[in-house]
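Novice: Below is the sequence, then the predicted model.
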Amino acid sequence: MRTSLRRRLSHRLAALAVGALAAALLLPAAPAAHAAPSAAGSTASATAATTATAGSGYWHTSGRRILDEAGNPVRIAGINWFGFETSNYVPHGLWSRDYKSMIDQMKSLGYNTIRMPYSDDIFKGTSPSSINTSSGMNADLVGLNSLGVMDKLVNYAGSIGMKVILDRHRPDSGGQSALWYTSAVPESTWLANLKSIAARYAGNSAVIGIDLHNEPHDPACWGCGDQATDWRLAAQRGGEAVLSANPKLLVFVEGVQSFNGSSYWWGGNLQGAGQYPVQLSVADRVVYSAHDYATSVAQQTWFSDPSFPSNMPGIWDKNWGYLFNQNIAPVWVGEFGTTLQSAVDQTWLKALVQYLRPTATAGADSFQWTFWSWNPNSGDTGGILNDDWTTVNTVKDAYLASIKAPNFGGGGGGGTGDVQAPSVPGGLTVTGSTASSVSLSWTASTDDTAVTGYDVYRGGVKVASVTGTSYSDSGLSAATTYSYTVRAKDAAGNVSAASAAVSATTSPGGGGNAGCSAVVSLNDWGSGLTATVTVTNTGSAPTKGWQVSWSWPSSLQISGSWSANVSRSGQVVTATDLAYNGVLAPNASTGFGVQATRTDASASAATTVACTATS
């Protein structure tokens, strides 16, 4: 995947170079082709004052939703307009259009937010190139440096009711970097410039947040603890720099490429965020961001899977969707795009749009998004605009119609519809297990209309959709611990938050009459706790060893243990015997303990544990 993605970036850079050449060729002319979009944009400008007030002010998060200053749920449904990060040092297309007519056209098409990529070069006083100022176009940009032009674009977007997300796309205009720093642009420069741009727009709520760095990838890691490569730790430092200058901004944090041996698109792998969340000093500011692409960018194994496209929701769930589905945090798909030339790409985009949740049925309780790109000169995706930088690729734009939200709220698709999620399923219980299966049951959820079914998740990955309140998961490995959650869904596509997790350990599979039970006793003092576990042999033969498992949220961090080997994978904690306490006679008992600290005072500690024994 790395090779393919590098090829994608070279395609983009080639496209940008072509755009710069086109700009040089177009500058002597005095095109008037932008007049028609300006007329459309004038209508948008004239009606801006009468649009809904949802989206006003600065924004914050609440669970998986983003709320405006008044507490109204809002949806980012926008477009990427690149160029500040290239050697033009200004968004592309101004060689043929006026920036106001361009932004007016975005709004008239129903896009409510602009993601503006930039590089750290623009903090050096760079002068933009390829801006056409003939016939009165872009007249107020004459003589401005790149940041001055950015001010104009931000202010105009805000004046017609649009929002802007600033994206630190590259350390310099030369190209993308795997890490947030390079030898030429150290972390100190990155932090200083994040703080500078946050301060520049403090008090201007047209800018709602900053995307800290575009597409971190190998060797960037998530949760590995290495200060030089751990993107999660760097994002915390970058987020604090932003919030120190403007504590009202959202902090957008992209994923990485690889986590625990599982690889995905650059910036698209957020599998580690549940276990290792980004924690900032200002609450309700983190929005996780994923990038997702089709075969016109790179071929991936999931596109040729026989089950495609029905396999895609599970892939999206695993890599980034679970954060939204489990009500952990909002998820913004900051980039997704395709040329739409292949049937696979067309199917992929249709499936992704449905996964992002139509605005008409889900309202603003949806995934956030900005499509790549407005520009037609992205070599591996093309854009919403055609090559003339004026007319619209109506086929591509139409794919996005159901998820647009022109006024930020739930009216983008023709009505708010049912936006209430079902209640969280309760009482999730392991009712039985064998060497290869686990049986589960739970209590029914309620909804304002009707619950249509339940999704069952094993380790954060959806494994089944059922209509009843029980499920048997088969084909499992013997003597292995699994963690399960369940979510309810209704006919409108609303999905509940995840149930409390339960763990189950399959039996060893070798026969025998070993068995065990485990009982936990908690000493909980708020900021931390100790869990003392008593293991008892319930079989008729001596045990040779035992294993106990349970689920704890990521905000409970293990700080010590005794009398057992204790390990953790995600939310599942596993304890196994030591050399001296694995052998237990029938009815005999032994004990061990675990100490943990809390990063969230509301985090509850599991008292239900599973025990297996070998004989």
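Specialist: Structure's in. What do you need? Numbers count the residues shown, from 1 in each chain.
Novice: In a helix, Asp121, correct?
Specialist: Yes. Secondary structure of Asp121, determined by DSSP: H, G, I helix; E, B strand; the rest coil: located in a helix.
Novice: ok, it touching His169?
Specialist: No. Contact between Asp121 and His169 fails when scored by C-beta atoms under 8 Å: they sit 10.8 Å apart. For every residue, glycine as well, the C-beta is placed using N, CA and C.
Novice: need the next SSE after the helix or strand of the chain with the lowest mean pLDDT, C-terminal direction.
Specialist: Taking mean pLDDT, DSSP states H and E as the measure, the helices and strands of the chain show their lowest mean at helix 35-47, namely a mean of 33. Using DSSP states H and E, the helix or strand that follows helix 35-47 towards the C-terminus is strand 60-62.
Novice: all helices of the stretch 351-500 of the chain, in order?
Specialist: Counting by DSSP state H, counting those that start in this stretch, residue ranges of the helices within the stretch 351-500 of the chain are 359-362, 394-399.
Novice: Give me the buried stretch members for the first one, please.
Specialist: Read that as helix 359-362. Residues of helix 359-362 classed as buried by neighbour count (16 or more other C-beta atoms under 10 Å): Thr359, Ala360, Thr361, Ala362.
Novice: What is the distance between it and the centre of its chain?
Specialist: The gap between the average C-alpha position of helix 359-362 and the chain average comes to 20 Å, counting by C-alpha atoms, centre = their mean, to the nearest Å.
Novice: can you check the longest one too?
Specialist: Taking C-alpha atoms, centre = their mean, one finds helix 394-399 lying 24 Å from the centre of the chain it belongs to.
Novice: Format the CA atom coordinates belonging to that helix as CSV.
Specialist: What follows is helix 394-399 as a C-alpha-only set of coordinates in CSV (Å, rounded to 0.1, in the frame of the first residue of the first chain):
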residue,chain,number,x,y,z
THR,A,394,-22.9,17.1,-12.1
VAL,A,395,-22.6,13.3,-12.0
LYS,A,396,-19.9,13.4,-9.2
ASP,A,397,-21.7,16.2,-7.4
ALA,A,398,-25.0,14.2,-7.5
TYR,A,399,-23.5,11.3,-5.5
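Novice: so what's Ala20 scoring on pLDDT?
Specialist: Ala20 carries a pLDDT value of 39.
Novice: Over to Leu243?
Specialist: 98.
Novice: Now do the contacts for the nearest residue in space to Trp332 that is not next to it in sequence.
Specialist: The shortest distance from Trp332 to any residue that is not its chain neighbour, by C-beta to C-beta, 6 or more residues apart in numbering, is 3.8 Å, and that residue is Gln368. Gln368 makes contact with Ile66, Arg75, Ile76, Ala77, Val287, Pro330, Val331, Trp332, Val333 under the criterion C-beta atoms under 8 Å, 6 or more residues apart in numbering.
Novice: Now flag whichever of these is closest to Asp104.
Specialist: Ala77 (16.9 Å; C-beta to C-beta).
Novice: my guess is Leu153 is in a helix, correct?
Specialist: Yes. Secondary structure of Leu153, determined by three-state DSSP: located in a helix.
Novice: In this structure it contacts Met116, no?
Specialist: Yes. Using C-beta under 8 Å, Leu153 is in contact with Met116, at 7.2 Å.
Novice: Could you count how many residues lie near the closest residue to Ala575 other than its chain neighbours?
Specialist: Nearest-residue entry for Ala575: Ala564, 4.1 Å, with adjacent residues in sequence omitted and distances by C-beta to C-beta, 6+ apart. Residues near Ala564, counting by other C-beta atoms under 10 Å, number 23.
Novice: Same check on Ser304?
Specialist: Residues within reach of Ser304, counting by other C-beta under 10 Å, total 10.
Novice: contacting residues around it?
Specialist: Remark: with contacts taken as C-beta under 8 Å, 6+ apart, Ser304 is in contact with nothing.
Novice: before we move on, the earlier item: which neighbours do Leu153 and Met116 have in common?
Specialist: By C-beta under 8 Å, 6+ apart, Leu153 and Met116 have these common neighbours: Pro91, Val164.
Novice: Distance check, the residue nearest to Ala575 against Asn523.
Specialist: Going from Ala564 to Asn523 by C-beta to C-beta, to the nearest Å gives 17 Å.
Novice: Same check on Asp448?
Specialist: Relative to Asn523, Asp448 is positioned 42 Å away (C-beta to C-beta).
Novice: Over to Gly63?
Specialist: Taking C-beta to C-beta as the criterion, Gly63 is separated from Asn523 by 30 Å.
Novice: who has more neighbours, the two?
Specialist: In terms of neighbours (other C-beta under 10 Å), Gly63 is the more surrounded of Gly63 and Asn523; the figures are 15 against 11.
Novice: residues touching the more buried one, list them.
Specialist: Counting by C-beta under 8 Å, 6+ apart, Gly63 has contacts Asn327, Ile328, Ala329, Ala497.
Novice: Can you check my assumption that the first one lies in a strand?
Specialist: No. With three-state DSSP as the criterion, Asn327 is assigned coil and is not in a strand.
Novice: Burial check on it, number of neighbours?
Specialist: The burial metric for Asn327, expressed as a neighbour count using other C-beta under 10 Å, is 18.
Novice: just the third one next, same as before
Specialist: The tally of other residues near Ala329 (other C-beta under 10 Å) stands at 24.
Novice: Below-threshold pLDDT in the stretch 301-450 of the chain: ranges please.
Specialist: Judged by pLDDT under 70, the stretch 301-450 of the chain has its weakly predicted residues at 410-419.
Novice: mind redoing it with 90?
Specialist: Counting by pLDDT under 90, the low-confidence segments of the stretch 301-450 of the chain come to 361, 409-422, 424, 429-439, 446-450.
Novice: can I assume Ala435 is in contact with Gly475?
Specialist: No. Between Ala435 and Gly475 no contact is recorded; they are 11.1 Å apart, counting by C-beta under 8 Å.
Novice: more crowded one of those two?
Specialist: A side-by-side neighbour count of Ala435 and Gly475, using other C-beta under 10 Å, places Ala435 first with 15 against 7.
Novice: Poorly predicted segments of the stretch 101-250 of the chain, please.
Specialist: Along the stretch 101-250 of the chain, no part satisfies pLDDT under 90.
Novice: Helices of that one, residue ranges please.
Specialist: Listed in chain order (using DSSP H, counting those that start in this stretch), the helices of the stretch 101-250 of the chain are 146-159, 187-200, 231-245.
Novice: what ranges do the strands span in the stretch 151-300 of the chain?
Specialist: Shown for the stretch 151-300 of the chain, the strands assigned by DSSP state E, counting those that start in this stretch span residues 163-170, 207-211, 250-254, 258-259, 262-263, 286-293.
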